[in-house]
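K.L.:
Coordinates for the following, if possible.
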Amino acid sequence: MTAQGQADEPPPVSRARRRFLLDLAGVACLAGCRTAQSTCPETDPVKPVEPVIVEAPVAAPVALPYAHLAGACEGVPAIARAEYEARIEQVRARLHDLKLAAIILEAGTDMLWLGGPRWGRSERALLLVIPARGEARLIAPAFEAGTLKARAGGLDFPLAPWDEHEDPHALALATLTASRGPIVVGSDTRGFVIEGLRRVAPGRGWSASTAVIEPSRRRKSPAELVILRRANEVTKRAIAAAATRAREGMHEHEFADEVSAALQAAGLRDTWVLPLFGPNAAFPHGTPQGRSLTDGDLVLVDTGGHLHGYASDITRTWAFGDPSRIDDRRRLAWNTVRTAQAAALATIRPGVRCAEVDAAARAVIKAAGFDGDYRQFTHRLGHGIGMQVHEPPYLVRDAEHRLEPGNTMSNEPGLYLPGEFGIRLEDIVAVTEHGAEVFGPLAESLERPFG
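P.N.:
Numbering: from 1, shown residues only. Alright, predicted model coming up:
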């Protein structure tokens, strides 16, 4: 689960952030000769190293707080060119089976998944045209050709440039003169692009690409699973490391700095952090003003980052201070959420409907005396994850999709009681041939929240 909005103005740079910038400089010096790939196999456990001591402009040396996480993402290769090429062929085969002429995609995740460039959207459309037969092409603004070449993704597609006075939609369709039949567009294509294509070829059949790309993206390849596994394992280590630096009076945004520092030290990129303290966690995405940490609070942290373009998304809730001081009601709620997560995990296997997994968790919540509907467990049980933090399939009531080996998703039951507390435990799960695999250790108890 990710935050849906941001405050109007970013918080001021905290002491934690300033400290991290100084620490990062030390890590950069120490890691300057480190290569992008490690020689250790992916199956080796990630081993921490001893904290590194650097000289600071004070009397005593200062230990870098997250130096032991450096290199945690190494040894995991990015997606290979051959896999991108195989994805293109999967798309062509599906176009052929569905009797479709082509697919046209805008810049975005589907284009990245197929080996295209990472590119921001604007009024100047960047389009990838993949015909059922023939060469795939990028339809791109001519003046961006150099930048596109420098940002080429897993595949270097031939470029069909258009000048500022030309119509990219017409150019895209001109590459398909030999292809007859309906065309599909990416499911996240903007309205003006769809209308531009329809204006040029009103007689063509048009539909969304869900049936062409989504089935393949849902079922992760072995290479994708390796990346997702490491990203989520490392995220758990980063949360546990940051938890040791929580202090009374620390504001939520200061603790976010700590978690972000740990994630980045471990090698994750494009990180995000949602820290919620005490009663503030009763709102799954918090409140704009935030809260400072008080002894006896429950701390909820929902966070993640990206490794080779693939996302992590982990939530932990733990006691700040002595866990034995947590009252019976909050302890019951925490244990109920943990038991609900276990019940959902036991339900996950090939052929099971997504709705059944959601129902298994809600049955535990209800049996414990809490509301099993949306009043206290306010959101779906989980979402798919891959190149996007949220993508199909979704573990939610009435979802008829049946799980398949290679599906990856969050398992994140929660309880939210406004004015009291919020508790959520979130782990990423992969569907295997016979059940499910959890990426990294589960939370065991309030006394052992990090496994």
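
K.L.:
what's the neighbour count on residue 409?
P.N.:
As a burial measure, residue 409 scores 29 neighbours (other CB atoms under 10 Å). For every residue, glycine as well, the C-beta is placed using N, CA and C.

K.L.:
ok, and what's touching whichever strand or helix holds it?
P.N.:
Taking DSSP states H and E as the definition, residue 409 sits inside strand 408-411. Strand 408-411 is contacted by residues 1, 220, 225, 228, 313, 341, 344-345, 348, 357, 361, 381-386, 393-395, 426-431, 438 when judged by CB atoms under 8 Å, 6 or more residues apart in numbering.

K.L.:
Buried among those residues? Need that as a selection in PyMOL.
P.N.:
A single PyMOL command selects the buried members of the contacts of strand 408-411 (16 or more other CB atoms under 10 Å):
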select buried, resi 1+220+225+228+313+341+344+345+348+357+361+381+382+383+384+385+386+393+394+395+426+427+428+429+430+431+438
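
K.L.:
Go through the contacts of strand 408-411 and flag which are in helices.
P.N.:
The members of the contacts of strand 408-411 that map onto helices under DSSP state H are 225, 228, 341, 344-345, 357, 361.

K.L.:
thinking again about what came up before, next structured bit after the strand holding residue 409?
P.N.:
Counting by DSSP H and E, what follows strand 408-411 is strand 414-417.

K.L.:
confidence score at the residue nearest to residue 352 when sequence neighbours are not counted?
P.N.:
Spatial nearest neighbour of residue 352, chain neighbours left out: residue 403 (5.2 Å); criterion: CB to CB, 6 or more residues apart in numbering. Residue 403 carries a pLDDT value of 98.

K.L.:
burial of residue 403, as a residue count?
P.N.:
Neighbours around residue 403, by other CB under 10 Å: 23.

K.L.:
who's in contact with it?
P.N.:
With contact taken as CB under 8 Å, 6+ apart, residue 403 is in contact with 348-354, 357, 393, 431.

K.L.:
possible to save these as TSV with pLDDT and distance to residue 64?
P.N.:
Listed next are those as TSV, based on pLDDT from 0 to 100; distance: CB to CB, whole Å:
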residue	pLDDT	distance to residue 64
348	98	39
349	98	43
350	98	45
351	98	48
352	98	45
353	98	48
354	98	43
357	98	41
393	97	41
431	98	39
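
K.L.:
Which of these fall within strands?
P.N.:
Here DSSP state E is the test, and those give 393, 431 as lying in strands.

K.L.:
for the contacts of residue 403, which one is nearest residue 71?
P.N.:
Set against residue 71, the nearest of the contacts of residue 403 by CB to CB is residue 431 (29.9 Å).

K.L.:
For the closest residue to the closest one other than its chain neighbours, list the residues it contacts.
P.N.:
Nearest residue to residue 431, sequence neighbours excluded (CB to CB, 6+ apart): residue 407, at 4.3 Å. Residues in contact with residue 407 (CB under 8 Å, 6+ apart) are 218-220, 384, 393, 430-431.

K.L.:
let's see it at 10 Å
P.N.:
Residues in contact with residue 407 (CB atoms under 10 Å, 6 or more residues apart in numbering) are 218-220, 348, 350, 354, 384-386, 392-393, 401, 429-432, 436.

K.L.:
three-state assignment of residue 138?
P.N.:
With DSSP: H, G, I helix; E, B strand; the rest coil as the basis, residue 138 sits in strand.

K.L.:
what sits opposite it in the beta ladder?
P.N.:
Judged by DSSP bridges, the bridge partners of residue 138 are residue 128, residue 159.

K.L.:
What is the neighbour count of residue 327?
P.N.:
10.

K.L.:
ditto for the one 5 residues further on
P.N.:
When counting by other CB under 10 Å, one arrives at 15 neighbours for residue 332.

K.L.:
just to revisit the earlier point, nearest to residue 337 among the contacts of residue 403?
P.N.:
Proximity of those to residue 337 (CB to CB) peaks at residue 357, which lies at 15.2 Å.

K.L.:
From residue 401, how far off is the closest one?
P.N.:
Note on residue 357: its distance to residue 401, by CB to CB, to the nearest Å, is 11 Å.

K.L.:
list the residues that contact both of the two?
P.N.:
With CB under 10 Å, 6+ apart as the test, residue 357 and residue 401 both reach 393, 395.

K.L.:
Could I get the buried residue list for stretch 215-231?
P.N.:
Buried, per 16+ other CB under 10 Å, within stretch 215-231: 216-218, 220, 223-231.

K.L.:
Can you say which two of those residues are spatially most distant?
P.N.:
Maximum distance among the buried residues of stretch 215-231 (CB to CB): 22.0 Å, for 216 and 230.

K.L.:
Could you list which residues are in contact with residue 307?
P.N.:
Counting by CB under 10 Å, 6+ apart, residue 307 touches 72-73, 76, 78, 226-232, 234-235, 266-270.

K.L.:
how about the residue lying closest to residue 268 once chain neighbours are set aside, phi and psi?
P.N.:
Nearest residue to residue 268, sequence neighbours excluded (CB to CB, 6+ apart): residue 305, at 3.0 Å. Main-chain torsions, residue 305, degrees, to the nearest 10: phi -160, psi -170.

K.L.:
What count of nearby residues applies to residue 305?
P.N.:
28.

K.L.:
and if you look at residue 189?
P.N.:
So residue 189, with other CB under 10 Å, has 20 neighbours.

K.L.:
One more: the one 5 residues further on?
P.N.:
When counting by other CB under 10 Å, one arrives at 17 neighbours for residue 194.

K.L.:
Next, please give the residue ranges for the strands of the stretch 351-451 of the chain.
P.N.:
Using DSSP state E, counting those that start in this stretch, the strands of the stretch 351-451 of the chain run over 382-384, 391-395, 408-411, 414-417, 421-424, 427-431, 436-438.

K.L.:
For the last one, which strands pair with it and how are they oriented?
P.N.:
With DSSP bridges as the criterion, the sheet partners recorded for strand 436-438 are strand 427-431 (antiparallel).

K.L.:
and the strand it pairs with, how far out from the chain's middle?
P.N.:
Mean C-alpha position of strand 427-431 versus that of the full chain (CA atoms, centre = their mean, to the nearest Å) differs by 12 Å.

K.L.:
what's the answer for stretch 381-392, then?
P.N.:
Taking CA atoms, centre = their mean, one finds the center of stretch 381-392 at 7 Å from the center of the full chain.

K.L.:
Skipping adjacent residues, who's closest to residue 446 in space?
P.N.:
Distances taken as CB to CB, 6+ apart place residue 323 nearest to residue 446, at 4.5 Å, with adjacent residues excluded.

K.L.:
Show me where the stretch 101-250 of the chain has its helices.
P.N.:
Ranges of helices in the stretch 101-250 of the chain, per DSSP state H, counting those that start in this stretch, are 109-113, 145-150, 168-174, 191-200, 210-218, 222-243.
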